[in-house]
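1. prediction below, plus the sequence it came from.
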Amino acid sequence: MIDPRVASGLRDLPPSVMIPRERMLTEFRKTFSLFGYLPIETPHIERMEVLTGKGAGSEEVLRQIFDVTNKGGTPGELALRFDLTVPLARFVAKHVNELGIPFKRYAIGSVFRGERPAKGRFREFLQCDFDIVGTEGVVADAETAQVIHDALSAAGVPDFTITLNHRKILDALMDGFGLADRTGSVLRALDKLAKVGRDKVVAELVASAGLSDDQAARLLDFVESGRGGVDVLDAAEAVVGGHPGGSLGIARLRQIMQLLETAGVAPERLAIDLGLARGLDYYTGVVFETTVKGWERFGSVASGGRYDNLASLFTDRKLPGVGASIGLDRLLALLEEAGWLKGVSAPVQVLVANFPGVDPATSIQLASRLRRTGVGAEVFPEPLQIGKQMGYGSSRGHRLAVIVGPDELAAGVFNLRNLATRQERKAIPQASLEAEVAQTLQSLEEGGSA
């Protein structure tokens, strides 16, 4: 007999997780559409050279790529995508003449990384990406943070913070320290600061990036003092404001924060962290990470940034872009552990009983009438004892049960039971089924009783 366990780093998702997952996806799609983003899809499998081109991803991510080889195929030719941004760059480069620019897209799909499994970290996970390609404007940068804010708010994610930085500030800092030739290795070390702590980052900066102890200490002092609101940019200006790139990065962050304030994003939802680097090599400007307060150990649940050169892997045409990704599976794992997911395993609110001795066509007809008005209704598949059917409805999260026994059938009426309180209204005319159920559900939503 085969062991039914799943492979390490992968997981099954039961209805109790999939139902809130689907609801959140609905809110994300709605938010993306409200901002004018259009849906696209790209293959799960890409050519290896697409995913490993210069600047496509950090060395760490590229080491995690899953090779794909069909029988008789060429090893190393194909791979599973590790994100949705590199495939987007390929897609836009191929279709730009048909799409026009700026082009705004969203894509929702699984990506794959062979990293070590941990809390909120899986080898297959769902990303919800949105991007604007073909513009360098600050409006697009600010809109990216606004979409993160509005999507997470619409999905009911509690108390999150969107943290911003600009890669040009970090580049200016590296230049000032004489470390411009080691920017990549330094930024990858800094990106681990929140996860491993100062001492381990210092050790990596010295061992891997070749910094002196003094350089590493000064670098981290700057980074650790650069966390907070817009005021931290004043201190940054004193250090890197004289550098053209540093000055540009600081000015850009000020503009973005002003635009977000204009858009109505609450200041407490935003923060600046001058050590935020993001691990992927293709970022060139503003970068974003989003964490839930009190649950930072899960890492970022929505992240991204500006990548002005990524499309150059596939075309000579300049196609700057900016976007972000919501890591839905990590977010759900966080909400599940925090106890913020409702334990509901039914997507509909009404159970129509299949009463013993009554033609099931009656139940089918009543449920069909409710569905035609947009009310979800499930018919119990077998004529078991009514108590067992009601127990099924209660355990699955149905709110109401429609019951028609032989006496009700003869009188042309039905009974309506509140499955939470077990209160039951009897002998309601079947002609008023839709109105009675809709009114009762509305009363329950408003905090009343059935």
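-> Ah, there it is. Since the model is a prediction, treat every value here as computed from it, not as a measurement.
2. what is the burial count for the residue nearest to L126 when sequence neighbours are not counted?
-> Spatial nearest neighbour of L126, chain neighbours left out: L328 (4.6 Å); criterion: CB to CB, 6 or more residues apart in numbering. C-beta coordinates here come from the backbone N, C-alpha and C atoms, glycine included. For L328, the count of nearby residues is 20 (other CB atoms under 10 Å).
3. so who does L328 touch?
-> Each residue near L328 by CB atoms under 8 Å, 6 or more residues apart in numbering is listed here: R21, M24, L25, F28, F125, L126, Q127, C128.
4. all helices for the stretch 351-450 of the chain, in order.
-> With DSSP state H, counting those that start in this stretch as the criterion, the stretch 351-450 of the chain has helices at 360-372, 386-396, 406-411, 433-445.
5. what's the closest of those helices to V239?
-> Between V239 and these, the shortest gap by CB to CB is with helix 433-445, which sits at 54.0 Å.
6. what ranges in the stretch 251-400 of the chain fall below the confidence cut-off?
-> Along the stretch 251-400 of the chain, segments meeting pLDDT under 70 span 279-281, 342-346.
7. try it again at 80.
-> Residues of the stretch 251-400 of the chain that meet the criterion pLDDT under 80 lie in 278-282, 310, 341-347.
8. hang on, the earlier thing: would you list the helices of the stretch 351-450 of the chain in TSV and tack on distance to A251 and mean neighbour count?
-> Output for the helices of the stretch 351-450 of the chain, formatted as TSV (distance: least, CB to CB, whole Å; neighbours: other CB atoms under 10 Å):
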stretch	distance to A251	mean neighbour count
helix 360-372	56	16
helix 386-396	55	16
helix 406-411	72	13
helix 433-445	48	16
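9. mind putting the ones you listed into TSV with distance to G299?
-> Formatted as TSV, the helices of the stretch 351-450 of the chain follow (distance: least, CB to CB, whole Å):
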stretch	distance to G299
helix 360-372	41
helix 386-396	33
helix 406-411	55
helix 433-445	35
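10. look at E136 and give its secondary structure.
-> Following DSSP: H, G, I helix; E, B strand; the rest coil, the label given to E136 is coil.
11. identify the residue nearest it in space, chain neighbours excluded?
-> When the adjacent residues along the chain are set aside, E136 lies closest to P320, with 4.9 Å between them (CB to CB, 6+ apart).
12. same question for P406.
-> G357 (5.6 Å).
13. residues contacting that neighbour?
-> Counting by CB under 8 Å, 6+ apart, G357 touches P383, G405, P406.
14. in the sheet, who's paired with the most centrally placed residue in the chain?
-> Centroid check for the chain by CA atoms, centre = their mean gives I326 as the closest residue, at 2.4 Å. Beta bridges link I326 to C128, A302, judged by DSSP bridges.
15. quick check, it in contact with D150.
-> No. Using CB atoms under 8 Å, I326 is not in contact with D150, being 11.4 Å away.
16. from I40, how far off is E98?
-> 12 Å (CB to CB, to the nearest Å).
17. compare these two and say which is more crowded by neighbours.
-> Applying other CB under 10 Å to E98 and I40 shows that I40 carries more neighbours, namely 18 against 7.
18. residue contacts, that one?
-> Contacts of I40 were listed using CB under 8 Å, 6+ apart, and they are L88, F91, R105, Y106, A107.
19. tell me the one of these nearest D213?
-> Among those, and counting by CB to CB, the member closest to D213 is L88, at 41.4 Å.
20. what helix or strand is the closest one on?
-> Using DSSP states H and E, L88 falls within helix 85-99.
21. same deal with A271?
-> Assigned by DSSP H and E, A271 falls in strand 270-273.
22. if we can go back for a sec, and the contacts of G357 as CSV, adding distance to V375?
-> Shown next, in CSV, are those (distance: CB to CB, whole Å):
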residue, distance to V375
P383, 23
G405, 22
P406, 25
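23. quick check, distance from stretch 355-373 to the centre of its chain.
-> Taking CA atoms, centre = their mean, to the nearest Å, one finds stretch 355-373 lying 39 Å from the centre of the chain it belongs to.
24. just stretch 369-381 next, same as before
-> Centre-to-centre, stretch 369-381 and its host chain are 31 Å apart (CA atoms, centre = their mean).
25. next, the distance between the ends of that stretch.
-> For stretch 369-381, the first and last residues are 18 Å from each other (CA to CA, to the nearest Å).
26. what's it in contact with?
-> The contact list for stretch 369-381 (CB under 8 Å, 6+ apart) reads 346-354, 360, 363-364, 366-367, 389, 392-393, 398, 402, 433-434, 437-438, 441.
27. picking up where we left off before, ok, now which ones touch the residue nearest to the centre of the chain?
-> Applying CB under 8 Å, 6+ apart, the residues contacting I326 are F28, Q127, C128, D129, I148, A151, L152, V301, A302.
28. three-state assignment of the fifth one?
-> The reference is to I148. At I148, secondary structure determined by three-state DSSP is helix.
29. wait, it sits on T161?
-> No. The pair I148 / T161 is not scored as a contact, 10.7 Å apart, by CB under 8 Å.
30. got any residues that touch both of those two?
-> Joint contacts of I148 and T161 (CB under 8 Å, 6+ apart) are T290.
31. who has more neighbours out of these two?
-> Taking other CB under 10 Å, I148 and T161 do not tie; I148 has more neighbours (26 against 15).
32. burial of the closest residue to the more buried one other than its chain neighbours, as a residue count?
-> Once flanking residues are discounted, I148 sits nearest to A302: 4.8 Å by CB to CB, 6+ apart. Close neighbours of A302, defined as other CB under 10 Å, add up to 27.
33. closest to D316 among the contacts of G357?
-> Distances from D316 to the contacts of G357, taken as CB to CB, are shortest for P383 (69.8 Å).
34. contact partners for that closest one?
-> P383 is in contact with N354, F355, P356, G357, V358, P360, counting by CB under 8 Å, 6+ apart.
35. how does it look with 10 Å?
-> Listed by CB atoms under 10 Å, 6 or more residues apart in numbering, the contact partners of P383 are A353, N354, F355, P356, G357, V358, P360, S363, Q389.
36. among those residues, which two are most distant?
-> Greatest spatial distance among the contacts of P383 (CB to CB): G357 and Q389, at 13.6 Å.
37. CA-only coordinates of the helix holding L88 in PDB, if you can.
-> Extracted C-alpha coordinates of helix 85-99, given in PDB (Å, rounded to 0.1, in the frame of the first residue of the first chain):
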ATOM      1  CA  THR A  85       7.900  38.400 -13.200                       C
ATOM      2  CA  VAL A  86      10.500  36.900 -15.400                       C
ATOM      3  CA  PRO A  87       7.800  35.100 -17.500                       C
ATOM      4  CA  LEU A  88       6.100  38.500 -17.700                       C
ATOM      5  CA  ALA A  89       9.200  40.100 -19.100                       C
ATOM      6  CA  ARG A  90       9.400  37.400 -21.800                       C
ATOM      7  CA  PHE A  91       5.700  37.700 -22.500                       C
ATOM      8  CA  VAL A  92       5.800  41.500 -22.900                       C
ATOM      9  CA  ALA A  93       8.900  41.400 -25.100                       C
ATOM     10  CA  LYS A  94       7.100  38.900 -27.400                       C
ATOM     11  CA  HIS A  95       3.700  40.600 -27.500                       C
ATOM     12  CA  VAL A  96       4.500  44.300 -27.000                       C
ATOM     13  CA  ASN A  97       3.400  45.400 -30.400                       C
ATOM     14  CA  GLU A  98       0.000  43.900 -29.900                       C
ATOM     15  CA  LEU A  99      -0.400  45.000 -26.300                       C
END
